[in-house]
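A.B. asks: Predicted model and sequence follow; I will ask about them next.
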Amino acid sequence: MKTVLITGANKSIGFETARQLLQQGYFVYLGSRDLKKGQQAVSELQAEGFSNVEPIVIDVDDIESIKAAREVLGQKINVLDVLINNAGILGTMDQTPLETDISVFKQVFETNFFGVIEVTQAFIDLLKQSPEPRIVNVTSGLGSLTLHNDPSWRYYTVKAAVYVPSKAALNAYTIVLAHNLRDTPFKVNAVDPGYTATDFNHHSGPGTVEDAAARVVKAATLGPDGLTGQFFSDDNAPETGISPW
């Protein structure tokens with residue numbers, strides 16, 4: 001049975017991703033920075049008939065929490081097949097490049113960028129034991145610098161000064177990580193789940209969590225011939241599914 005760790009999985013897209021991977025027979029370690037919320041999420045999935053799911057406390061903003069999660073998981077398994085770096089934050093709603101306080105930049109980057117790196121580095125040894133390891137970094141279509149320079153792009157005016165750079169940085173990390181692991185069985189990709197109605201955006205998005213999670217799951221379950229080092233986005237590139245960086 002393949003195993004997967006999903007950060008920020010106690011609600012929204014992360015939770016639905018857990019459900020869909022359970023449906024495909026994976027054992028899910030449901031990451032949540034709050035144990036009670038993680039347990040509640042697991043209980044909900046168990047009530048639906050899924051037994052192969054456990055909560056794991058992991059706060060991606062806290063390196064000690066990440067190390068503790070790695071120790072806990074290492075006591076349970078020797079192999080991790082999939083890591084989904086799903087945890088992310090938006091920051092303040094009004095983000096301008098000159099007025100937004102630097103503390104907001106640091107907070108968002110800590111979660112969206114540095115947290116991903118620390119989690120990936122902490123669990124890479126378990127992933128290397130898998131015959132088909134997969135790393136999925138949940139990004140945003142807003143992380144495309146190419147499209148942000150295209151006035152015809154439908155999201156051209158959405159220039160969130162903190163969130164956009166944090167996801168662009170995550171995309172860059174995905175590129176270099178995939179390149180570093182290019183001669184191995186790893187598949188490392190960034191996935192834009194689309195503009196989805198969640199607590200994250202006050203349910204303003206038109207997309208569903210089911211569709212968003214399906215995009216993440218698709219990258220998490222790529223076969224040996226699957227692509228690596230890609231920026232998957234049905235929103236940005238409905239024909240090819242691969243967004244420009």
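C.D. replies: Everything's here; your move. Numbering: from 1, shown residues only.
A.B. asks: Pull out the buried residues from stretch 221-230.
C.D. replies: Residues 221, 222, 228, 229, 230 are the ones in stretch 221-230 that count as buried (16 or more other Cβ atoms under 10 Å). Heads up, the C-betas are built off the backbone N, CA and C, glycines and all.
A.B. asks: same thing with stretch 165-181?
C.D. replies: Within stretch 165-181, the residues scored as buried using 16+ other Cβ under 10 Å are 165, 166, 167, 168, 169, 170, 171, 173, 174, 177, 178, 181.
A.B. asks: which residue packs closest to the third one, ignoring adjacent ones?
C.D. replies: Distances taken as Cβ to Cβ, 6 or more residues apart in numbering put residue 143 closest to residue 167, at 3.2 Å, once the chain neighbours are dropped.
A.B. asks: And for the second one?
C.D. replies: The spatial neighbour of residue 166 that comes closest, neighbours along the chain excluded (Cβ to Cβ, 6+ apart), is residue 112 at 3.9 Å.
A.B. asks: Which neighbouring residues are in contact with that neighbour, exactly?
C.D. replies: Neighbouring residues of residue 112 by Cβ atoms under 8 Å, 6 or more residues apart in numbering: 88, 89, 163, 166, 167, 169, 170.
A.B. asks: can I get the residues you listed in a markdown table with secondary structure?
C.D. replies: Formatted as a markdown table, the contacts of residue 112 follow (DSSP: H, G, I helix; E, B strand; the rest coil):
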| residue | secondary structure |
| --- | --- |
| 88 | coil |
| 89 | coil |
| 163 | helix |
| 166 | helix |
| 167 | helix |
| 169 | helix |
| 170 | helix |
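A.B. asks: can you redo the residues you listed as CSV with pLDDT and distance to residue 45?
C.D. replies: Shown next, in CSV, are the contacts of residue 112 (pLDDT from 0 to 100; distance: Cβ to Cβ, whole Å):
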residue, pLDDT, distance to residue 45
88, 97, 21
89, 96, 24
163, 98, 29
166, 98, 29
167, 98, 28
169, 98, 32
170, 98, 27
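A.B. asks: These: which two are farthest apart?
C.D. replies: Using Cβ to Cβ, the contacts of residue 112 span at most 14.0 Å, a distance reached by 89 and 169.
A.B. asks: Got phi/psi on the residue most central in space within the chain?
C.D. replies: Nearest residue to the geometric centre of the chain (Cα atoms, centre = their mean): residue 86, 2.5 Å. Note on residue 86: its backbone torsions stand at phi -100, psi -30 [degrees, to the nearest 10].
A.B. asks: Ok, residue 72 next?
C.D. replies: Backbone torsions for residue 72, taken as degrees, to the nearest 10, come to phi -60, psi -50.
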